[in-house]
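K.L.:
missing the sequence, but the structure's below:
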């Protein structure tokens with residue numbers, strides 16, 4: 001069984017659909033420009049915005065243009081509709097013809113979710129009950145549900161939040177679900193809107209360039225933030241009948257292989273030799289049954305930051321050596337679209353494969369000492385096998401191999417191993433948190449918020465019970481993520497008018513902060529992922545853990561579920577008539593092979 005991509009949709013700074021994106025890539029036209037749609041004071045920062053207002057996107061989807069829709073949801077729905085149409089499905093009222101009777105799953109990667117709306121009304125939401133219907137910060141799962149609703153898709157929804165590797169991990173999960181018969185059609189990708197939250201966050205880290213970014217250039221000074229969405233339709237090749245192929249459901253490419261690894265080094269920096277990136281690319285090639293010399297092109301993560309570009313260069317040299325393929329970063333076209341970058345760049349790879357060209361690395365002039373030399377682009381090439389890299393905060397590194405033909409893979413782990421629970425630990429009171437000193441020094445723990453402390457305490461207790469120091473895989477689940485930290489950063493933005501903000505708040509605000517922090521402390525380079533689908537988050541995490549163990553890809557897995565409340569959130573819940581959440585709760589479960 002092979003997994004095929006039968007449809008793709010994209011909207012980003014260089015185009016509102018595949019044709020526009022293709023033309024921009026071939027002409028070498030960047031979409032990075034002066035900020036227009038995001039209301040921020042930092043107009044000195046060039047960005048890669050989608051060239052449409054919220055009202056224009058709402059009109060494209062036949063939605064109420066006056067309703068405060070999140071750009072994350074609007075862009076996602078536009079890309080999903082494009083992907084389904086190319087895959088041979090057609091809109092039929094509020095449904096899609098051809099999806100009837102099929103188990104459809106929509107998997108989206110995002111980090112900020114509806115933050116672009118939350119931050120607009122943040123101060124008013126604290127007291128104005130008329131705004132209770134608006135999305136609350138950090139509830140990423142609601143964005144995926146909204147994308148399904150806006151695009152008219154009836155599907156099981158799942159949200160992955162591993163920072164900048166989120167969308168690529170969504171595609172990987174979709175493939176695994178199809179292989180296991182858990183879905184018939186998967187729509188996978190990611191969507192991320194520009195927000196003052198993460199624009200200011202990256203700015204506090206001093207990694208935003210005041211000029212157009214120059215990935216892999218010796219004069220590089222940082223990244224340009226971007227926004228956008230892209231989704232692909234995934235099917236089992238055996239499910240694609242002749243009639244569907246005639247109606248447009250043709251195979252664009254096959255998923256050759258993929259790898260998800262953790263760099264386990266630092267929350268926002270990469271290890272000197274790019275260990276996580278090296279492992280992810282190696283796993284992807286091994287799964288595809290390919291040698292390094294079989295790859296014709298790598299779409300690099302290539303952010304333009306001093307740290308990423310040299311460490312990714314080292315990882316690429318470790319993987320490809322003397323058989324280095326053409327390499328470029330397309331973020332100088334689109335900006336860094338963060339959680340959506342993996343799927344946006346997957347679609348760019350598909351366009352390159354279908355039309356026989358390699359996108360250029362815009363702005364490159366000066367070689368980094370010890371770095372790779374990226375291509376400035378070429379036409380008339382045949383791309384049979386392509387690698388797409390996507391690396392996130394916390395060292396969540398993922399790589400994907402796309403193949404023009406069915407891969408001749410080496411058989412990987414197989415079987416149907418039993419799964420049992422080895423240990424479980426719950427922390428549901430702040431009074432328990434001082435016990436963390438058994439595992440973490442007071443000097444380190446003083447920099448942690450209550451949720452980080454609770455999650456680490458439950459995780460380390462469960463691992464101690466199980467007699468495991470470094471688990472094969474770490475999977476976390478959260479409905480709202482690092483709520484207290486994120487709200488503190490929002491308050492910081494408001495009270496200090498986007499100036500002199502605290503970088504440590506932003507560094508700990510991503511949903512995957514817990515999973516990566518545990519990996520860093522225990523030096524775990526294995527599979528690492530975070531689910532954020534409301535109350536279903538833990539269910540998704542446990543399904544993934546059981547899948548890893550039963551297929552032989554892991555002998556044991558640590559699953560950590562965590563959430564917290566804040567005075568603001570409690571006020572919101574009380575006023576909307578919802579059940580008050582606990583102040584803090586973390587539950588860790590160790591599963592292992594029977």
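P.N.:
Structure's in. What do you need? Quick caveat: nothing in here was measured; it's all calculated off a predicted structure.

K.L.:
Name whatever forms a beta bridge with the residue lying closest to residue 45 once chain neighbours are set aside.
P.N.:
Nearest residue to residue 45, sequence neighbours excluded (CB to CB, 6 or more residues apart in numbering): residue 208, at 5.4 Å. The way it works is simple: take the backbone N, C-alpha and C, and place the C-beta from them, glycine included. As for beta bridges, residue 208 partners with residue 223 under DSSP bridges.

K.L.:
Pull the number of nearby residues for residue 208.
P.N.:
If you count neighbours by other CB atoms under 10 Å, residue 208 ends up with 25.

K.L.:
Next: residue 10.
P.N.:
33.

K.L.:
What residues are bridge-paired with it?
P.N.:
Residues in beta-bridge contact with residue 10 (DSSP bridges): residue 230.

K.L.:
My read is that it contacts residue 21, right?
P.N.:
Yes - between residue 10 and residue 21 there is a contact under CB atoms under 8 Å: 5.6 Å.

K.L.:
Read off the pLDDT value for residue 409.
P.N.:
On pLDDT, residue 409 comes in at 74.

K.L.:
Excluding chain neighbours, give the residue nearest to it in space.
P.N.:
residue 289 (3.7 Å).

K.L.:
name the helices or strands packed onto the host helix or strand of residue 516?
P.N.:
In this assignment (DSSP states H and E), residue 516 forms part of helix 513-522. Other elements packing on helix 513-522 under the criterion 3 or more CB pairs under 8 Å, 6 or more residues apart in numbering; DSSP states H and E are strand 253-262, helix 450-466, strand 473-477, strand 527-531, strand 556-564.

K.L.:
Contacts for it, please.
P.N.:
162, 262, 264-267, 393-396, 440, 451-452, 455-456, 459, 463, 469-471, 474-476, 478, 481-482, 524-526, 528-530, 558, 560, 562 (CB atoms under 8 Å, 6 or more residues apart in numbering).

K.L.:
list the contacts for residue 562?
P.N.:
Counted by CB under 8 Å, 6+ apart, residue 562 has contacts 451, 454, 455, 458, 476, 477, 478, 514, 585, 586, 587.

K.L.:
ok, now how distant is the last one from residue 284?
P.N.:
When CB to CB, to the nearest Å is the yardstick, residue 587 and residue 284 sit 32 Å from each other.

K.L.:
who's more crowded, those two?
P.N.:
For residue 587 and residue 284, the more surrounded residue by other CB under 10 Å is residue 284, and the numbers stand at 27 against 21.

K.L.:
so is that one in a helix, a strand, or just coil?
P.N.:
Secondary structure, DSSP: H, G, I helix; E, B strand; the rest coil: residue 284 is helix.

K.L.:
which residues touch it?
P.N.:
Per CB under 8 Å, 6+ apart, neighbours of residue 284: 256, 257, 258, 259, 387, 399, 400, 401.

K.L.:
if I look at the fifth one, how far off is residue 41?
P.N.:
Residue 387 sits 39 Å away from residue 41, taking CB to CB as the criterion.

K.L.:
neighbour count winner among these two?
P.N.:
residue 387 (29 against 12).

K.L.:
tell me which element that one falls in.
P.N.:
Going by DSSP H and E, residue 387 is part of strand 385-392.

K.L.:
residues contacting the residue lying closest to residue 277 once chain neighbours are set aside?
P.N.:
Nearest residue to residue 277, sequence neighbours excluded (CB to CB, 6+ apart): residue 315, at 3.8 Å. Going by CB under 8 Å, 6+ apart, residue 315 touches 273, 274, 275, 277, 278, 281.

K.L.:
Could I have the buried ones of those as ChimeraX selection syntax?
P.N.:
Listed next is the ChimeraX selection for buried residues among the contacts of residue 315, using 16 or more other CB atoms under 10 Å:
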select :274,275,277,278,281
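
K.L.:
Show me the two of the contacts of residue 315 that sit farthest apart.
P.N.:
Farthest-apart pair in those is 273 and 281; separation 12.9 Å (CB to CB).

K.L.:
circling back: list only buried entries from the contacts of residue 284.
P.N.:
Of the contacts of residue 284, these count as buried by 16+ other CB under 10 Å: 256, 257, 258, 259, 387, 399, 400, 401.

K.L.:
for residue 349, what are its contacts?
P.N.:
Residue 349 neighbours (CB under 8 Å, 6+ apart): 297, 299, 386, 388, 402.

K.L.:
Please identify which of those is nearest to residue 172.
P.N.:
Using CB to CB, the contacts of residue 349 come closest to residue 172 at residue 388, 11.3 Å.

K.L.:
so the residue nearest the centre of the chain is in which element?
P.N.:
With distances taken as CA atoms, centre = their mean, the residue of the chain nearest its centroid is residue 166 (1.2 Å). Element membership for residue 166 (DSSP H and E) is helix 166-179.

K.L.:
and after that helix, which helix or strand comes next?
P.N.:
Following helix 166-179 in sequence, per DSSP H and E, is strand 185-192.

K.L.:
chain center to that following strand, what's the gap?
P.N.:
10 Å (CA atoms, centre = their mean, to the nearest Å).

K.L.:
One more: stretch 494-505?
P.N.:
The gap between where stretch 494-505 is centred and where its chain is centred comes out at 25 Å by CA atoms, centre = their mean.

K.L.:
what stretches of the stretch 51-200 of the chain score poorly on pLDDT?
P.N.:
For the stretch 51-200 of the chain, applying pLDDT under 70 flags the ranges 135-138.

K.L.:
mind listing the helices for it?
P.N.:
54-60, 71-86, 115-125, 140-151, 166-179, 196-204 (DSSP state H, counting those that start in this stretch).

K.L.:
do the same with the stretch 401-550 of the chain
P.N.:
Using DSSP H, counting those that start in this stretch, helices in the stretch 401-550 of the chain cover 442-445, 450-466, 483-495, 503-507, 513-522, 537-550.

K.L.:
close enough to count as contact, the residue nearest to the centre of the chain and residue 160?
P.N.:
Yes - using CB under 8 Å as the test, residue 166 is close enough to residue 160 to be in contact (5.1 Å).

K.L.:
so what sits against both of those two?
P.N.:
Counting by CB under 8 Å, 6+ apart, the residues touching both residue 166 and residue 160 are residue 109.

K.L.:
neighbours around the spatially closest residue to residue 176 that is not a sequence neighbour, how many?
P.N.:
In this structure, residue 176 finds its nearest non-sequential neighbour in residue 547, 6.1 Å apart by CB to CB, 6+ apart. Neighbourhood size, residue 547 [other CB under 10 Å]: 19.

K.L.:
so where is the chain shaky, pLDDT-wise?
P.N.:
135-138, 242-249, 410-414.

K.L.:
Isn't residue 259 up against residue 279?
P.N.:
Yes - at 6.7 Å, residue 259 counts as touching residue 279 under the criterion of CB under 8 Å.

K.L.:
how would you label residue 22: helix, strand or coil?
P.N.:
Quick answer, by three-state DSSP: residue 22 is helix.

K.L.:
Next up, the contacts around the closest residue to residue 9 other than its chain neighbours.
P.N.:
Nearest non-adjacent residue to residue 9, counting by CB to CB, 6+ apart: residue 82, 2.9 Å away. Going by CB under 8 Å, 6+ apart, residue 82 touches 7, 8, 9, 10, 11, 17, 18, 231.

K.L.:
quick one on the thing from earlier: in PyMOL, how would I select just the buried ones from the contacts of helix 513-522?
P.N.:
Buried members of the contacts of helix 513-522, identified by 16+ other CB under 10 Å, are gathered into one PyMOL selection as follows:
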select buried, resi 162+262+264+265+267+393+394+395+396+440+451+452+455+456+459+463+470+471+474+475+476+478+481+482+524+525+526+528+529+530+558+560+562
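
K.L.:
Okay, now stretch 424-437: how far is its last residue from its first?
P.N.:
Separation of the first and last residues of stretch 424-437 by CA to CA, to the nearest Å is 19 Å.

K.L.:
circling back to that earlier point, measure the residue nearest to residue 9 to residue 147 for me?
P.N.:
For residue 82, the distance to residue 147 - CB to CB - is 13 Å.
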